[in-house]
Structure formats: structure tokens, C-alpha cells
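**Student:** Let me see the structure of the following:
(2 chains)
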Amino acid sequence: SAVISQKPSRDICQRGTSLTIQCQVDSQVTMMFWYRQQPGQSLTLIATANQGSEATYESGFVIDKFPISRPNLTFSTLTVSNMSPEDSSIYLCSVEDGGYQETQYFGPGTRLLVL
Amino acid sequence: GDSVTQMEGPVTLSEEAFLTINCTYTATGYPSLFWYVQYPGEGLQLLLKATKADDKGSNKGFEATYRKETTSFHLEKGSVQVSDSAVYFCALRRLDNQGGKLIFGQGTELSVKP
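**Tutor:** Coordinates of the predicted model:
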């Protein structure tokens, strides 16, 4: 399975600021995804990060709030913009290993607290 | 739309007890089904999966069988350990023109006492 790392692992931020989260994979993958896990909640897909094109956002998530980059097949970033305390969550990236029956593997997550 | 429903937690068991965590789904077609586990302070780890009806996924003593007739994928383990304490998520993979997307249940917290 792919090995996925995320930076930072956690951060405490002030409202109104922005944070960029990095996701690095040890192999080239076609599909990368970003999820949000609010405190005590399940995971919700934010967007699919497409290499070489705009990300595809799920209902309720917009590019101005969560801009995503995908410059190559091993790296992606998610920015949480103009943060408010409601953005306090764990943000996880995942990749789909198309060679192993299309299973998604997850990074360790970034724990964000907005004050 | 597609959805996953899990039994509510927390579930508290004594060590060596039998575990069942119920999971049912609603989906068009025949999605792949997954169980993920999240240990305290960590990300999600794939526990097991099944891709078609009657498949049984198994790993680390955990099992789940894809039941099309009851649209269920219940997680079982014969004898739990304290180290199994975690949150367990059932998920289905939905296909669309952007590839596969996971839809998760709400998670079930398991606490195993010595």
C-alpha cells in the first residue's frame, strides 16, 4: 500500500488566517482526496484533487474556502482559508490504489484548532 | 443518495468478549464495502474490505461478510483485546465520473476493558 505523509501534523491558528496542509505520497497515484473529520464526527469528502486540472468539490465546499493544488502525481495541498473556530477539524488526505482493487489509503491527518 | 448506517456507540466490552458492530448501507448498484479503524490520535487504517456479494473480508481476527439481500456488512471478532479499543468506520465506495468516493458511517467507538 502507498505510504502517505501530511504536514503539519497539528496546528493552532487564529481566526481569519489561512493554513496550507501538504500531502505527500511515496508513489505516483491518479486519485487523491481530501476529507474533513469534525470533532466526534465521521469523515466528509471535501474534494477530489485532479492532477493537471481543477479540483472537484463536493456539495457544501467551495474553492475560495478550500483551494487545492495538485502539481504532480505524488503531491497535493489543501488550504483552509479565512479560518473560523468551525473549521477546527482533522483534515485527511487519501489516495486510491487502482492496482489493488481500488482501495483508499489515508494519511495520518492534520489536527487543526482555530481560536 | 448512497448512505451508510452504523450502530451507535460507545460499545464497551470485557476482554475476550465477542464483538459485533452492525453496518447497513443504501446504494445503487453493488458498491465495494470497507471497514476502517481509527486508533486514538491516529489516522484511518484499512481493516478489511469486500468487493462483491457473499465475499468475506478478514484481517487481525476481524471478519465481515457482504450481504446483498440484507444490504449489510457487519463487523465481528470472536475475542476482543484491550488493544482493539478504537473507533470503527464502515464505508462504501461509490463510483461516479470522478472515480471512487468513500461514504462513511458515523463511526462506532469500541472500548475494551481488561
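**Student:** Can you mark which positions in stretch B:70-85 are buried?
**Tutor:** Neighbour counts over stretch B:70-85 (16 or more other CB atoms under 10 Å in any protein chain shown) mark B:71-75, B:77, B:80, B:84-85 as buried. To be clear about C-beta, it is placed using only N, CA and C from the backbone, and glycine gets the same treatment.
**Student:** State the mean pLDDT of that stretch.
**Tutor:** The average pLDDT within stretch B:70-85 is 97.
**Student:** Can you list the strands that whichever strand in chain B runs longest pairs with?
**Tutor:** Ranked by number of residues, the top strand in chain B under DSSP state E is strand B:86-96. Strand pairing for strand B:86-96, determined by DSSP bridges: strand B:32-38 (antiparallel), strand B:99-104 (antiparallel), strand B:108-113 (antiparallel).
**Student:** okay, those strands in TSV with distance to A:F75 and mean neighbour count next?
**Tutor:** Formatted as TSV, these follow (distance: least, CB to CB, whole Å; neighbours: other CB atoms under 10 Å in any protein chain shown):
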stretch	distance to A:F75	mean neighbour count
strand B:32-38	23	24
strand B:99-104	18	20
strand B:108-113	33	17
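**Student:** could I get the ones you listed as TSV with distance to A:C13 and mean pLDDT?
**Tutor:** Formatted as TSV, those follow (distance: least, CB to CB, whole Å; pLDDT from 0 to 100):
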stretch	distance to A:C13	mean pLDDT
strand B:32-38	23	95
strand B:99-104	26	84
strand B:108-113	28	96
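**Student:** Of those, which is nearest A:Q104?
**Tutor:** A:Q104 lies closest to strand B:99-104 among those, at 5.7 Å (CB to CB).
**Student:** List of residues touching the closest one?
**Tutor:** With contacts defined as CB atoms under 8 Å, 6 or more residues apart in numbering or on different chains, strand B:99-104 is touched by A:30-31, A:33, A:42-45, A:48, A:94, A:96, A:102, A:104, B:2-4, B:32, B:34, B:36, B:89-95.
**Student:** cool, and stretch A:38-47?
**Tutor:** The contact list for stretch A:38-47 (CB under 8 Å, 6+ apart) reads A:33-37, A:55-58, A:61, A:66, A:68, A:78, A:88-89, A:91-92, B:44, B:89, B:101-107.
**Student:** Give me the distance between B:T70 and A:Y35.
**Tutor:** 28 Å (CB to CB, to the nearest Å).
**Student:** if we can go back for a sec, buried stuff in the longest strand of chain B?
**Tutor:** Buried, per 16+ other CB under 10 Å, within strand B:86-96: B:86-94.
**Student:** Share the number of residues neighbouring A:D26, please.
**Tutor:** 12 (other CB atoms under 10 Å in any protein chain shown).
**Student:** Nearest residue to it in space, please, no chain neighbours.
**Tutor:** Among residues not flanking A:D26 along the chain, A:V3 sits closest, at 4.3 Å (CB to CB, 6 or more residues apart in numbering or on different chains).
**Student:** What score does residue 46 have for pLDDT?
**Tutor:** This is for chain A. Here the pLDDT value assigned to A:I46 is 96.
**Student:** I was thinking of chain B, sorry if that wasn't clear
**Tutor:** pLDDT at B:L46 comes out at 94.
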